[in-house]
Each structure stands twice: as C-alpha cells, then as structure tokens.
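In: coords please:
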Amino acid sequence: MSAPHDHVSTAVSQNLSFEALTALLEQIFLRHGTSADVARTLALNCAGAERDGAHSHGVFRIPGYVSTLQSGWVNGQAVPVVEDVASGFVRVDAGNGFAQPALAAARPLLVEKARSAGIAVLAIRNSHHFAALWPDVEPFADEGLVALSVVNSMTCVVPHGADRPLFGTNPIAFAAPRANGDPIVFDLATSAIAHGDVQIAARKGERLPAGMGVDSLGQPTQDPKAILEGGALLPFGGHKGSALSMMVELLAAALTGGNFSFEFDWSNHPGAKTPWTGQLLIVIDPSKSAGQSFAERSQELVRQMHGVGLKRLPGDRRHRQRAKAKVEGIALDAQTLANLRELAGL
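Out: Predicted structure coming up:
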C-alpha cells in the first residue's frame, strides 16, 4: 500500500499535500499497532503541526511514537471511557492510550455542557500526550468558544531554587475567537525552552541561548546534549515559570487522577518516549457572559496591540505557514521522507 504521490520533487526536498502526509503517517501508526481511529487522530495531529511549521512536534515525533508503541508502554488500541459526572464536568479514562483520541471521544459532550452551563471541564487521566497542545484548543475557538488546556510531562525541569529536576515542561495552551480574523491561539511550555527544541538543536549541533538549562553537575550550559544527557531544563522567568509549572502539575495530574511528572517509571520499556500523565481542559461559552460581543472585543484588543507597534500575534506565524502550505505543500527533506516511508513499509 502506498501513500498518494502528489508531491513535487526537488534535489533537496519534496512537497506533500496535507492529505498525502496524513495518509503516510496514518500508515505508519497502523503498521505499528494502533487502531484505525487512533492512527487517524495522531496522523492528523502530527501532519498539522508539520504543516504549521511546528517542527518539534511534527514528523520529528514519529520515531518516538513508533519506539513507544514497540516498547509496549502505551496501548495503541485503547478505547477511551467517557464519564458524565456533573453538569459541567466530564472525565475520561484514556486506558493507557494517547490523549488526543480521549479528547476526541469526549469532545461532543464537553461542548454540549459548555454551551448549556457556560463552562465545562474535561479531566483526562491514564493518558499519554506527545504532541503540541495548541491543536487541542484551537478547534474550540473556531466554534466561538474559549479554551484553556494544561498537560504535564516527564521530569526534566528544575524548580526555581531547587538543585534537581522534578517538573515536566508542562505546557499551557489557550484559544479564543476574534472577529474577522484567525483565532488567538498560543501554546507555551513553562520551561525556558521546549524539550523538543532542545532535541532538534542537539541533532543540528547548535548551541542554545543562555539560561535554558544546566548540565549533570547543575552548572549553566548552552550545550543541548549536556542538557539531554543528565542535565535539565530551567523554568522560564525563574520563580514565575516555576509556579506555573507547579500549577500545571496540580491541574493536569492531581485534579484528573493522572500521574505527576515524577510518578511513572518507563525503565522496563526501552524505547518509551511518551509521558504517562494527565490533561485538563476548560471550555467557556463567552455568549453567556459577553453576549455576542466577545469576538469583537478580542479583535479590538488585537487592533490596539497593533497600534502600539506589535507586528506579530501569538500564533500568527503558524497561520501564515498553514496558508503557505495549502498552496505549496509541506516540504520534507529527502532523507526524512525516505525514513517515513520505510517506517510505513513502503
């Protein structure tokens, strides 16, 4: 079986349509043991990140997904169990599967509750999140809703004032609609830099800016390999980022029933890469508060921000790259594409 061959070749890279890349990634997931629903959900997520220029969470993640599935650490066939527990609260047991299929299973009920009560919470536990967080919240903004999500990850960040890592990179994502424009969407790690960006820098042999991490002796370093090989990341903004990271641990793990970043052990599963933690989403229907004016008020804020000299909003680069990819396709270097096809058995 082969993926659609609608890319344009060059000596350096090849351009695939979003649909072609999704089909290729879907084949990889299926070949390595996921159900069809899980394969489709993860493929759309990874292809979307690559399309939007979020390379640290695009096809770069595929080998990690594959090795994790091969290790038996995650259940690629898991069927999420959705629990309707209160008028504004939904729980999901992901069944030791990936978080995105759990969100997809709970999404209709979550939206229904948010529109009815004005606000609804989704608590996902027993889940593995190995992707960008913004794709989890942006679709809600497309429907006129406001969404906030947090997820904790594996221990790799030293709390401010401590001498050993404890927290994960623990990202926070937010999305809100605005009139006559793309939604306002951002996704940021509470560490000084995303772990995936450190991995990419190490692969390219690049140095990091100062203040990103420490080596195995706790000394500041700009060498990404030293951070990855026994070192750790630092929180952004010192004590402020550290406090936010602690908040994410409480919301994404303690509140959901998931693991803290330091509570799981994958040492008996060589190749495992996905954190086994939890995720919390809060969805708000602004029409219950601001009537139909919220999107217009959002746009007014953006207008004022531009008026004081701001050139780019959070998420603007992704939206521009998405529009470009729709016309030109998604560029992958020849070796990366060859590796993906090999993983797909093509």
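In: got a list of what residue 180 touches?
Out: residue 299 (CB atoms under 8 Å, 6 or more residues apart in numbering). Where C-beta positions appear, they are placed from N, C-alpha and C, glycine not excepted.
In: Which of the three states applies to it?
Out: Here residue 180 takes the coil state, with states given by DSSP: H, G, I helix; E, B strand; the rest coil.
In: Phi and psi next, for it.
Out: With angles defined as degrees, to the nearest 10, residue 180 sits at phi 60, psi 40.
In: how much space is there between the spatially most central residue of the chain and residue 56?
Out: Closest to where the C-alpha atoms of the chain average out (CA atoms, centre = their mean) is residue 132, at 1.7 Å. Computed as CB to CB, to the nearest Å, the residue 132 to residue 56 distance reads 8 Å.
In: mind listing the helices for the chain?
Out: Along the chain, the segments classed as helices by DSSP state H run 18-31, 36-51, 62-71, 99-117, 134-142, 195-204, 224-228, 239-249, 287-290, 294-307, 316-328, 334-343.
In: Read off the pLDDT value for the residue nearest to the centre of the chain.
Out: Per-residue pLDDT puts residue 132 at 94.
In: Pretty sure it sits against residue 55.
Out: No - look at residue 132 against residue 55 with CB atoms under 8 Å: they stay out of range, at 10.3 Å.
In: Quick check: neighbours shared by those two?
Out: Contacts common to residue 132 and residue 55, judged by CB under 8 Å, 6+ apart, are residue 49.
In: so how far is stretch 22-29 from its chain's centroid?
Out: Distance, stretch centre to chain centre, for stretch 22-29: 18 Å (CA atoms, centre = their mean, to the nearest Å).
In: Check stretch 180-197 too.
Out: 9 Å.
In: Just the mean pLDDT for it, thanks.
Out: 92.
In: Going by neighbour count, which residues in that stretch are buried?
Out: 182-197 (16 or more other CB atoms under 10 Å).
In: could I have it exported to CSV, CA atoms only?
Out: Output in CSV follows, covering the C-alpha atoms of stretch 180-197 (Å, rounded to 0.1, in the frame of the first residue of the first chain):
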residue,chain,number,x,y,z
ASN,A,180,-12.7,39.0,11.1
GLY,A,181,-9.5,37.1,11.8
ASP,A,182,-7.9,33.9,12.8
PRO,A,183,-8.5,32.9,16.4
ILE,A,184,-6.0,33.9,19.1
VAL,A,185,-4.1,30.7,19.9
PHE,A,186,-0.9,30.1,21.8
ASP,A,187,0.9,27.1,23.3
LEU,A,188,3.9,27.6,25.6
ALA,A,189,6.0,25.4,27.8
THR,A,190,6.6,26.6,31.4
SER,A,191,10.2,25.6,30.8
ALA,A,192,12.6,28.1,29.3
ILE,A,193,12.5,26.1,26.1
ALA,A,194,10.5,23.2,24.8
HIS,A,195,12.2,19.8,25.2
GLY,A,196,11.7,19.0,21.5
ASP,A,197,13.5,22.2,20.5
